[in-house]
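*Asks:* can you look at this prediction? I've put the sequence above it.
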Amino acid sequence: MLVAAAVCPCPPLLVPEVAAGAAPELDAVRTACSDALAVLAAARPDRLVVVGPAEQSARGAHPEGARGSFRGFGVDLSVRLGRGDDTASPRELPPSLAVGAWLLERTGWSDAPIEGLGVGEPLTPERCLEAGREIAGAAGRVALLVMGDASACRTLKAPGYLDERAAPFDAEVARALGAADVAALKALDPEPASELKASGRAPWQVLAGAAEDAGLTGVLLYEDAPYGVGYIVATWS
């Protein structure tokens, strides 16, 4: 049964060492993410699943102890998903789950075992919902840390350039996440989400599947578009 969820963005820039001189610009979203993780801890789950977008080689399950790094972003920094050991998995965490692992390490998470799930952009809404239902249907109290960005097309300098659809898309996603509106998240269309480079679409729909019968209430903690990319932080409890 799903007892709580936290939704956070997943740019490697959240890690101050990666952001370097620009690090202070994201202090507000880091604080919101810490507040969201505190809600997860307060729910006292038996298991935490971190869900985030992933390229094909990193899709699927990642066991506790799996490693990730930010070397691809020019920083010699590694993270581990929970406790585990160094032989937990030969696969490296995708960047989204590495950011999730960093957030958990930063807040000193030690409340429950952790596992990761990398989901691909092409995953259909039906498959996302099914994955969420499987997570929630497992024994015990389950919490989700859902990583993913909204559109990357909010400004001329954004990674996806300016798209007039981006701001309304992000506003509706922020509303849905802040209201724990499962139906609205289920209805997200993969095509415009992909065109707007919203990496969070599939993870959000995994959350929707997990939360179908949970009766959780949402709170929106942060919504903004630094660097033209939509970042949303919300909690469900």
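*Replies:* Received, thanks. Numbering: from 1, shown residues only.
*Asks:* gap between the helix or strand of the chain with the lowest mean pLDDT and the chain center?
*Replies:* Least confident helix or strand, the chain: helix 16-19 with a mean of 93, by mean pLDDT, DSSP states H and E. Remark: helix 16-19 is offset 19 Å from the chain centroid, using C-alpha atoms, centre = their mean, to the nearest Å.
*Asks:* give the next helix or strand downstream of it.
*Replies:* Per DSSP states H and E, the first helix or strand lying C-terminal to helix 16-19 is helix 27-42.
*Asks:* after that following helix, heading C-terminal, what element do we hit next?
*Replies:* Toward the C-terminus from helix 27-42 - assigned by DSSP H and E - lies strand 47-53.
*Asks:* other SSEs contacting that following strand?
*Replies:* Using 3 or more C-beta pairs under 8 Å, 6 or more residues apart in numbering; DSSP states H and E as the contact test, the elements touching strand 47-53 are helix 95-106, strand 114-119, strand 142-147, helix 201-210. For glycine as for every other residue, the C-beta is placed from the backbone atoms N, C-alpha and C.
*Asks:* mean neighbour count, mean pLDDT and distance to residue 53 for the ones you listed - can I get that in JSON lines?
*Replies:* Conversion of those to JSON lines gives the following (neighbours: other C-beta atoms under 10 Å; pLDDT from 0 to 100; distance: least, C-beta to C-beta, whole Å):
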{"stretch": "helix 95-106", "mean neighbour count": "25", "mean pLDDT": "97", "distance to residue 53": "5"}
{"stretch": "strand 114-119", "mean neighbour count": "25", "mean pLDDT": "97", "distance to residue 53": "6"}
{"stretch": "strand 142-147", "mean neighbour count": "28", "mean pLDDT": "98", "distance to residue 53": "7"}
{"stretch": "helix 201-210", "mean neighbour count": "28", "mean pLDDT": "98", "distance to residue 53": "6"}
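*Asks:* ok, back up a step: what's next to the least confident helix or strand of the chain, contact-wise?
*Replies:* Applying C-beta atoms under 8 Å, 6 or more residues apart in numbering, the external contacts of helix 16-19 come out as 12, 13, 23, 25, 26, 70, 73, 74, 75, 77.
*Asks:* hang on, the earlier thing: among the helices and strands packed on strand 47-53, which is nearest residue 62?
*Replies:* Nearest of the helices and strands packed on strand 47-53 to residue 62, taken as C-beta to C-beta: strand 114-119 at 3.5 Å.
*Asks:* circling back: closest one to residue 172 among the helices and strands packed on strand 47-53?
*Replies:* helix 201-210 (11.5 Å).
*Asks:* returning to that earlier point: just the buried ones from the contacts of helix 16-19, in ChimeraX syntax?
*Replies:* Command for ChimeraX, covering only those of the contacts of helix 16-19 found buried under the criterion 16 or more other C-beta atoms under 10 Å:
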select :12,13,26,70,73,75,77
